[in-house]
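Asker: Let me see the structure of the following:
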Amino acid sequence: MLVELTKELVTKGWKTENGFKPGYLLKLESEMFKKIPGTDLHANPHITSRITIWKKFHDSLQMMLNGNSRIGFNPTTRLLECHDECWARIVKADPNATNMRYKPWP
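Answerer: Purely as a prediction, here's the structure:
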């Protein structure tokens, strides 16, 4: 839901060259309230926390996929695949990647 709403904000002009315009989190929060009446999710800390996690995963995935041709993606299991030695090097270079090996990706 959050990804869908964020994409809607982009199409409505909330994204600039340097990121999102001020107030986008409150806009996401109000749109979330419209889609899920009675929700107790708020821009801070819920949405900001999720975005921080996405950024961390994105940076780690980008480093893995761009810097290492020995890693693959299995579309059936939706998991990253590589040899144990390769994964050890990845985790040594990026400790944030530790739990990403067995996490299913969309």
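
Asker: Only C-alpha atoms from now on, for both contacts and neighbour counts.
Answerer: OK.

Asker: Going by neighbour count, which residues in the strand or helix carrying Thr52 are buried?
Answerer: Here Thr52, judged by DSSP states H and E, is contained in helix 48-67. Using 16 or more other C-alpha atoms under 10 Å as the test for burial, helix 48-67 gives 60-61, 64.

Asker: what are the ranges of the helices in the protein?
Answerer: 2-11, 24-35, 48-67, 84-93 (DSSP state H).

Asker: Adding distance to Met100 and mean pLDDT, write those out as TSV.
Answerer: Shown next, in TSV, are the helices of the chain (distance: least, C-alpha to C-alpha, whole Å; pLDDT from 0 to 100):
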stretch	distance to Met100	mean pLDDT
helix 2-11	20	86
helix 24-35	27	87
helix 48-67	8	82
helix 84-93	10	90
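
Asker: closest to Asn74 out of these?
Answerer: helix 48-67 (13.3 Å; C-alpha to C-alpha).

Asker: got the contact list for the residue of the chain positioned farthest from its centre?
Answerer: The outermost residue of the chain relative to its centre, with distances by C-alpha atoms, centre = their mean, is Glu85 at 25.8 Å. Listed by C-alpha atoms under 8 Å, 6 or more residues apart in numbering, Glu85 has no contact partners.
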